[in-house]
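1. Pasting the sequence and the predicted coordinates here, then a few questions.
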Amino acid sequence: MAKLTIDDLKKIKEKVHKEMSLRDGDRRVKVTVHMGTCGIASGAKEVMDALLQEIEAAKVNDVVVTSSGCMGLCSREPLVTVEILNQEPIKYEYMNPNKMRQVFKRHILAGEIQTPFVLAKGAEITR
């Protein structure tokens, strides 16, 4: 196995900061699709694909998309967290590609939270 150099580590750090931070550059929104085994089995891959298609079609460049493992709420999968700069995070439950398209167009682009799909706002569970 090749050894990592200091320059390699710096490049990795820069890449991670660029992809993960809302506060750096022009990233306004971070969307996390929770893709643990339970999420993938429930359709998270299709949700992720729909989100990426919408971003490409809208030609926006201020949205960063990430994935994470299981949140521990397997019965509510697929789960998506939307974090808009200077707003509390919104966790959406039971997502599918059509719901993801709606969340992208109405919440991410227009600022209108899609209340019927919301599991939690910030740290507060809504149901």
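-> Nice, I can see it.
2. where in the chain is pLDDT low?
-> When residues are selected by pLDDT under 70, those of the chain lie in 1, 15-26, 123-127.
3. One more pass at 50, please.
-> 22-24 (pLDDT under 50).
4. need the helices for this protein, in chain order.
-> 6-20, 37-42, 44-58, 97-102 (DSSP state H).
5. Save the ones you listed as JSON lines, and put in distance to Val64 too.
-> Just so you know, the C-beta spots here come from the backbone N, C-alpha and C atoms, and that holds for glycine as well. Shown next, in JSON lines, are the helices of the chain (distance: least, Cβ to Cβ, whole Å):
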{"stretch": "helix 6-20", "distance to Val64": "6"}
{"stretch": "helix 37-42", "distance to Val64": "19"}
{"stretch": "helix 44-58", "distance to Val64": "10"}
{"stretch": "helix 97-102", "distance to Val64": "16"}
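6. could those be laid out in TSV, adding mean neighbour count and distance to Lys121?
-> Below are those laid out as TSV (neighbours: other Cβ atoms under 10 Å; distance: least, Cβ to Cβ, whole Å):
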stretch	mean neighbour count	distance to Lys121
helix 6-20	11	22
helix 37-42	19	20
helix 44-58	17	20
helix 97-102	18	17
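7. Can you check which of the ones you listed gets nearest to Cys74?
-> The closest of the helices of the chain to Cys74 is helix 37-42. By Cβ to Cβ, the value is 3.9 Å.
8. Show me what the closest one is in contact with.
-> With contacts defined as Cβ atoms under 8 Å, 6 or more residues apart in numbering, helix 37-42 is touched by 33, 70, 74, 77-79.
9. Nearest to Ala44 among the residues you listed?
-> In terms of Cβ to Cβ, no member of the contacts of helix 37-42 lies closer to Ala44 than Pro78, at 4.1 Å.
10. do you know how far that closest one is from Lys11?
-> Going from Pro78 to Lys11 by Cβ to Cβ, to the nearest Å gives 32 Å.
11. Could you do Ala110 as well?
-> Computed with Cβ to Cβ, the distance linking Ala110 and Lys11 is 37 Å.
12. and if you look at Gly72?
-> From Gly72 to Lys11 the distance is 33 Å (Cβ to Cβ).
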